[in-house]
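**Student:** No letters, just coordinates:
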């Protein structure tokens, strides 16, 4: 295909992906009410436990409620339409890949997607505890108003950051498959990895919430050693293949 043909193909697939996103947003808009109720659950818990009558999600403009629903609809619509736009991206780049590269890509996607949603699930269960811990620092007798935009951004970024953090081990395996780093080299950095996981968990979670910190840190460390084990298995299989082909791994 010529460059112009590639651009036409890219435009067509982008239109399809955008159309799927719009349809997903329309569908998601009708369930934003229950989602808002679910996300604001920790706020109601704080109001009930602390006896703060005026604590709640704060909407300061006429269009605030609609704006929040649109933000939530976009996020959910992006997830609903993910099979369509992921396929469009994949169909665009697949003709340029070899059969082996295609198999590896399917494997990485098959591991990355569940891990991302696993991270979001962990974040979802940790989030209420984080919000309640932070709210406990508000002096007694004081009301606490949560601005809807700030609150939503905090929740969305918290879910996104933990989701991405859980996908990082997949990139380690990808580097190993590409021959950039070996499993033993990954294992040698276990002290640094544990330190990074600890710092990341400490920064992401509130200082007073030790339980959430340990849960996040432990999950990331387990994923790191899991990626290390998979990389070492790949290295072992590669050595056996090289030996069978009569290739010396020290000179290859």
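**Tutor:** Nice, thanks for sending it over. This is a predicted model, so every value here is computed, not measured.

**Student:** What is the burial count for residue 154?
**Tutor:** Neighbour count of residue 154, defined by other Cβ atoms under 10 Å: 16. Heads up, the C-betas are built off the backbone N, CA and C, glycines and all.

**Student:** For the stretch 51-200 of the chain, give me the ranges with low pLDDT.
**Tutor:** Applying pLDDT under 70 to the stretch 51-200 of the chain picks out residues 51-54, 96-97, 101, 141.

**Student:** can you give me the helices in it?
**Tutor:** 64-80, 82-93, 99-135, 148-177, 183-188, 190-204 (DSSP state H, counting those that start in this stretch).

**Student:** Which one, of the ones you listed, ends up nearest to residue 41?
**Tutor:** The minimum distance between residue 41 and those falls on helix 99-135, with 6.6 Å, by Cβ to Cβ.

**Student:** Of all the helices of the stretch 51-200 of the chain, which one comes closest to residue 234?
**Tutor:** Here helix 148-177 is closest among the helices of the stretch 51-200 of the chain (Cβ to Cβ), at 5.8 Å.

**Student:** In CSV: the helices of the stretch 51-200 of the chain, plus distance to residue 36.
**Tutor:** As requested, these are exported to CSV (distance: least, Cβ to Cβ, whole Å):
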stretch, distance to residue 36
helix 64-80, 7
helix 82-93, 22
helix 99-135, 15
helix 148-177, 9
helix 183-188, 42
helix 190-204, 24
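
**Student:** for the ones you listed, which one sits closest to residue 235?
**Tutor:** Residue 235 sits nearest to helix 183-188 of all those, at 4.7 Å, using Cβ to Cβ.

**Student:** buried ones in that closest one?
**Tutor:** Neighbour counts over helix 183-188 (16 or more other Cβ atoms under 10 Å) mark 183, 186 as buried.

**Student:** which other helices and strands contact that helix?
**Tutor:** helix 148-177, helix 210-244 (3 or more Cβ pairs under 8 Å, 6 or more residues apart in numbering; DSSP states H and E).
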